[in-house]
Structures are given as C-alpha cells and as structure tokens.
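Asks: Sequence first, predicted model second:
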Amino acid sequence: MNLPKFITDLIEAQNNHDAVAYSSLFSENAEVFDEGKNHIGRAAIQKWIENSNQQYQTTLKPISYRESEKGPVFTAEISGTFPGSPAILNFNLVLQEGLIQSLKITGRLL
C-alpha cells in the first residue's frame, strides 16, 4: 500500500509508543477527537497519546488510505489491551502546511 509520509510517520510513532514523535506531526493548535473527548494543542495531544499508550499499548496496522472532499481518511486495525481489541478505526484528517490540524478518530470493534 502506498501511504503518504505523514501516515507512515504516524504509524511508526504509534507502534513505537513514541508520544513526542507522534505529537510532532501535529500543528501547535491542532485538535484530536477520540473517545468522545477533544484534545486541543500539541501539548494536550502529547499527553493524550502518552496516557493512551500506557493504558492500552496500541499498535496500528494499515488497511486503506483515501482522499475525500473533507481531507485524507486513513483506516487501520488497532489492537492493544483495550476491551474488544482489535477494532477498525478511521483517522479523519485535516492537514495544514504539512502538519495535522485536525484528527477525528471513528470506528467500530470487530
């Protein structure tokens, strides 16, 4: 599968549980929506992914990537120590100047 560099960087950072590398892919005032909560700003995003990594030890396996009218959508199987693992999640992205401005995570358990 031919994935853009920012997606392969996101996968690598997540699978290495590297919160600093993960959050560096986002703009300073980026927003993440996950599990019904918003995390606004790079520092909040880093804290969110650190907590998530400690709690769930998640890894991503890419399934598909497409460009939509609203922006890129990356679909992955995510597995870890969370109830109902694995799950298929969509990472709905908005990019700005090569960085992620917005990430909305949606999906379902398998």
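Replies: Done, it's in. Here the structure is a predicted model, which means the values were calculated and not measured. Numbering: from 1, shown residues only.
Asks: Tell me, what's the model's pLDDT at residue 75?
Replies: Among the per-residue scores, residue 75 shows a pLDDT of 96.
Asks: Surely it and residue 64 touch.
Replies: Yes - under the criterion of C-beta atoms under 8 Å, residue 75 makes contact with residue 64 at 4.6 Å. C-beta coordinates here come from the backbone N, C-alpha and C atoms, glycine included.
Asks: So which of these two has more stuff around it?
Replies: When residue 75 and residue 64 are compared for neighbours, residue 75 comes out ahead with 16 against 11, by other C-beta atoms under 10 Å.
Asks: all helices for the chain, in order.
Replies: Taking DSSP state H as the criterion, the chain contains helices spanning 5-15, 19-23, 42-56.
Asks: and the residue of the chain positioned farthest from its centre, how far is that from residue 105?
Replies: The C-alpha centroid of the chain is most remote from residue 69, which lies 19.3 Å away (C-alpha atoms, centre = their mean). Residue 69 sits 19 Å away from residue 105, going by C-beta to C-beta, to the nearest Å.
Asks: now residue 94
Replies: Distance of residue 94 to residue 105, computed by C-beta to C-beta: 13 Å.
Asks: Tell me which residue is most central in this structure.
Replies: residue 91 (5.9 Å).
Asks: Where does pLDDT dip in this structure?
Replies: For the chain, the stretches flagged by pLDDT under 70 are 108-110.
Asks: what's near enough to touch residue 29?
Replies: For residue 29, the contacting residues are 40-42, 101, by C-beta atoms under 8 Å, 6 or more residues apart in numbering.
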